[in-house]
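Novice: I would like the atomic coordinates for the input below:
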Amino acid sequence: MVRRVDRQGVADHGHRITAAIACHVARAGGTAEQLTRLLLHPDHEGGRHAQIIELRSGQARARAYIERVWSNASAEVAATVTIGSRHGAHEDLVALRERIETTPWHGERGRTALRVLRAHLNFAETAGGRLHAASERQTAEEAGISRQTLRNAYEAVLKPGGWLRRLRVGHGAEGSTWYLGNGPSVALSSRVRTSQCPPTRPLGSGPPLRRQ
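Specialist: The predicted structure follows:
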């Protein structure tokens, strides 16, 4: 019998693969229906997680799950930018910091969220891009707050606000993998292309889709 922790690990792994595929489809200009057909095709190994949901809970539940994954992937693609070099990454983070610093952060909750976001910006600048690693302990110390206050800021402000997305949960001494977003949806200029979506390779295995 598979232990619950093992089943959860398999499910998390399957979800990361599904999210990576959805991001690729969104970046390639695909649609939710195309993603659904791709994932639910019995010959597509990368869709195994969605196929298991369909088998256990029915097609309606599987389609609802894929719709949620698609919605997140589409939003991420719409809010991310191409980073072609380390210099470009630096400029992008400078612009993001300016956006963060000029955003109104109301009340104690908002000010705390700003401190957490600044901490993640510091980690991202060290990493050389929006994708970065940070543990709960590191971030709480950098922001000068408790871990519980940090968790509250993540769940109440930063994640739902589109400022931060956790791509992989860290274990032990290993920090979580995070991606800095642009906050509430904004219209990007026509010269900005979307490609720095959470990467497919680090998120799990499975047959990668051919790059465009």
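Novice: what's the nearest residue to Glu67 if we skip its chain neighbours?
Specialist: In space, and not counting its chain neighbours, Glu67 is closest to Ala32: 6.2 Å by C-beta to C-beta, 6 or more residues apart in numbering. C-betas here are computed from N, CA, C, even on glycine.
Novice: That neighbour contacts Trp70, doesn't it?
Specialist: Yes: taking C-beta atoms under 8 Å as the definition, Ala32 is a contact partner of Trp70 at 4.4 Å.
Novice: So the two - more neighbours on which side?
Specialist: Trp70 (24 against 18; other C-beta atoms under 10 Å).
Novice: Which residues does the host helix or strand of that one contact?
Specialist: Assigned by DSSP states H and E, Trp70 belongs to helix 59-78. With contact meaning C-beta atoms under 8 Å, 6 or more residues apart in numbering, helix 59-78 is reached by 15, 18-19, 22-23, 25-27, 32, 35-36, 39-40, 50-51, 53-54, 162, 165, 179, 181, 185, 188, 194, 197-198.
Novice: Give the rounded mean pLDDT of that helix.
Specialist: Averaged over helix 59-78, pLDDT sits at 86.
Novice: can you check stretch 24-33 too?
Specialist: For stretch 24-33, mean pLDDT is 83.
Novice: which parts of it are buried?
Specialist: 24-27, 30, 32 (16 or more other C-beta atoms under 10 Å).
Novice: for that stretch, how far is the first residue from the last?
Specialist: 14 Å (C-alpha to C-alpha, to the nearest Å).
Novice: Might you calculate how far the longest helix seen in the chain sits from the centre of the chain?
Specialist: As assigned by DSSP state H, the longest helix anywhere in the chain is helix 4-27. Averaging C-alpha positions (C-alpha atoms, centre = their mean, to the nearest Å) puts helix 4-27 12 Å from its chain's average.
Novice: what's the answer for stretch 144-155, then?
Specialist: 19 Å.
Novice: quick one: contacts of that stretch?
Specialist: Against stretch 144-155 from outside (C-beta under 8 Å, 6+ apart): 109, 112-113, 115-116, 136-137, 139-140, 143, 164, 166.
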